[in-house]
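> All I have is the shape, not the residue letters:
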């Protein structure tokens, strides 16, 4: 079953200007354009819309309502060019098939790509989160078709929605007619006839609607419901390294696909070598005779152009390709590349073992998010003192703390425990954790950890007192008391278990 993501950027023209020009003040911003001889608002930022301004309003009226309004001239060509650059950024990070959906959207064929991001929900959260952190307002929806995802992203998502397979009709029925991407004249004519939402059209005879409004209305309905294909033309920016093979007769056998993968990889590596590049992300697109595209994406831990390694990684994923009635075009694209210079290798020099091949195999089987290593962070707060980094990332330069022992296993979040202790500086006599009561035989501490007041006001005077304890069975735990044991403002004085020593 195909899955499509539609990303809606409702404030794209104003977001683009603010991202490109840091000198723009915090005043309400509108974009002004011309329709005939009228000068109207074509876009408005959130602050301007909060003051009652909206697209389609005359600029003179907007100025009368908001005297200190900031007005910029509309530039649709710049908006589209910037949208294409954003779509290319999405192409490099999310899925192999991405296209712009002017004037305010991006469409992504995410079929088979969700497992690389930890599932559809995680994929949407990561995508929207990165856009918002970049200063771009975004909403997104996943559905079975482009039309359904487009409608849900613009009329339902807050900020995201995932439509279950086969639920398009039920979700689209209550939405307004404009959600079908109809021309304004068609939507207006349907309203005049008494049709208010998409559900009102679904049971109507098609012939009268087609005679009155043309074929576009029924075509859009069929595309949204999945009864008519709507292929996504992948974005292909200038300079993208790509090789392509068209077959006079469709192919479908796994052995034949593997043979042509080997040939495509050899041609691609030659092109990469001529440009001094190595590939970090490689996409294989197999266009079937029914115009459906099967995709395979692999990632590399370090830049590579070794034909044998790339061929092996792609062939390991052949089983995910459903050839249907046959594949007529195969395209291999180096979506993400980095400079890679040739190296002189000497057998006399001692070199560290190359783990990139193993990491590539594991990452492409279980997803890159599942293969990582831990790196220290300069923070005294234990849960903030470590972070995940790519398996072969450069050293961060920070060192692990060695002034106090740390547990080998840190819980995802501290768990509350019951205990009895003599305040303010004594360890507990016993603890009860997860329903099991343990008597404390030995203890060491306290180690006082102060809150990071420069991050949050709530941590201005917050402290924790940590103890290492050992029970009757010889098990050792890392516990702490929230607060200094005297001043209630420093913490709740409740006890928590934060880690387990090996």
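That came through fine. Nothing here was measured: the structure is a model prediction, and the numbers come from that model.
> Could you count how many residues lie near the residue nearest to residue 243 when sequence neighbours are not counted?
Excluding the flanking residues, the one nearest residue 243 by Cβ to Cβ, 6 or more residues apart in numbering is residue 267, at 4.5 Å. For the C-beta atoms, the positions are set from N, CA and C on the backbone; glycine is no exception. Other residues near residue 267 come to 15 when the count uses other Cβ atoms under 10 Å.
> sec struct for residue 480, please.
Recorded secondary structure, residue 480: strand (DSSP: H, G, I helix; E, B strand; the rest coil).
> That one contacts residue 468, doesn't it?
No: Residue 480 sits out of contact with residue 468 when judged by Cβ atoms under 8 Å, with a separation of 10.4 Å.
> between those two, which one's more packed in?
When residue 480 and residue 468 are compared for neighbours, residue 480 comes out ahead with 24 against 21, by other Cβ under 10 Å.
> contacting residues for the more buried one?
By Cβ atoms under 8 Å, 6 or more residues apart in numbering, residue 480 lies in contact with 414, 449, 464, 465, 466, 467, 495, 496, 498.
> Neighbour-wise, which one of the residues you listed leads?
When the contacts of residue 480 are compared by neighbour count (other Cβ under 10 Å), residue 465 ends up highest, at 25 neighbours.
> Leaving out sequence neighbours, find the closest residue to that residue.
Among residues not flanking residue 465 along the chain, residue 446 sits closest, at 3.8 Å (Cβ to Cβ, 6+ apart).
> contact partners of the one helix or strand that neighbour maps to?
Assigned by DSSP states H and E, residue 446 falls within strand 436-450. Defining contact as Cβ under 8 Å, 6+ apart, one finds that strand 436-450 is touched by 380-382, 404, 425, 427-432, 462-473, 475, 480-481, 484.
> Could I get the pLDDT score of the spatially most central residue of the chain?
The residue lying closest to the centre of the chain (Cα atoms, centre = their mean) is residue 127, at 2.6 Å. Reading off the confidence values, residue 127 has pLDDT 94.
> Where do the strands of the stretch 201-350 of the chain begin and end?
Taking DSSP state E, counting those that start in this stretch as the criterion, the stretch 201-350 of the chain contains strands spanning 241-251, 277-288, 293-304, 327-339.
> So for the longest one, what gets flagged as buried?
Right, strand 327-339. When neighbours are counted by 16 or more other Cβ atoms under 10 Å, the buried residues of strand 327-339 are found to be 327, 328, 330, 331, 332, 333, 334, 335, 336, 337.
> Is the first one bridged to anything, and to what?
With DSSP bridges as the criterion, the beta-bridge partners of residue 327 are residue 251, residue 288.
> Could you do the last one as well?
With DSSP bridges applied, residue 337 shows beta-bridge pairing to residue 279.
> circling back to that earlier point, would you mind checking which of the contacts of residue 480 is nearest to residue 33?
Within the set of the contacts of residue 480, residue 414 lies nearest residue 33; the separation is 55.0 Å, counting by Cβ to Cβ.
> right, and that closest one touches residue 494 too?
No: with contact taken as Cβ under 8 Å, residue 414 and residue 494 are classed as non-touching, separated by 9.7 Å.
> separation between the residue lying closest to residue 229 once chain neighbours are set aside and residue 390?
Leaving aside its chain neighbours, residue 229 sits nearest to residue 291 (6.1 Å; criterion: Cβ to Cβ, 6+ apart). As judged by Cβ to Cβ, to the nearest Å, residue 291 and residue 390 stand 37 Å apart.
> what about the two, which has more around it?
residue 390 (15 against 9).
> Contacts only, for the more buried one.
Residues in contact with residue 390, defined by Cβ under 8 Å, 6+ apart, are 301, 368, 372, 373.
> separation between residue 264 and residue 333?
Taking Cβ to Cβ, one finds residue 264 at 10 Å from residue 333.
> Regarding the nearest residue in space to residue 478 that is not next to it in sequence, what is its secondary structure?
With sequence-adjacent residues excluded and distances taken as Cβ to Cβ, 6+ apart, residue 478 is closest to residue 499, at 3.8 Å. Reducing the assignment at residue 499 to three states with three-state DSSP gives strand.
> If residue 499 is in a bridge, with which residues?
Taking DSSP bridges as the rule, residue 499 bridges to residue 410, residue 478.
> and it, how far is that from residue 328?
Between residue 499 and residue 328 the distance is 57 Å, computed by Cβ to Cβ.
> next one: residue 15
Distance of residue 15 to residue 328, given as Cβ to Cβ: 40 Å.
> and what of residue 177?
From residue 177 across to residue 328, the span is 37 Å (Cβ to Cβ).
> One more: residue 169?
Applying Cβ to Cβ, the value for residue 169 to residue 328 is 32 Å.
> same thing with residue 125?
In this structure, residue 125 lies at 37 Å from residue 328, with Cβ to Cβ as the measure.
> Which residue comes closest to residue 189 once chain neighbours are left out?
Counting by Cβ to Cβ, 6+ apart, the residue nearest residue 189 is residue 213, at 6.3 Å.
> Tell me if residue 393 really is in a helix.
No: when three-state DSSP is applied, residue 393 is found to be coil, with no helix at that position.
> Now do the same contact list for it.
Residues touching residue 393, when contacts are defined by Cβ under 8 Å, 6+ apart, comprise 373, 375.
> let's go with 10 Å and repeat that
The neighbours of residue 393, taking Cβ atoms under 10 Å, 6 or more residues apart in numbering as the test, are 301, 372, 373, 375.
> what's the burial count for the nearest residue to residue 273 once chain neighbours are set aside?
Counting by Cβ to Cβ, 6+ apart, residue 273 lies nearest to residue 305, which is 6.0 Å off, once chain neighbours are set aside. When neighbours are defined as other Cβ under 10 Å, residue 305 has 22 of them.
> Surely residue 305 is in contact with residue 269?
Yes: with contacts defined as Cβ atoms under 10 Å, residue 305 counts as touching residue 269 at a distance of 4.5 Å.
> Common neighbours of the two, please.
Common contact partners of residue 305 and residue 269 (Cβ under 10 Å, 6+ apart): 277, 278, 279, 334.
> Check the contact between the third one and residue 339; I expect there is one.
What it means is residue 279. No: counting by Cβ under 10 Å, residue 279 stays clear of residue 339, with 11.5 Å between them.
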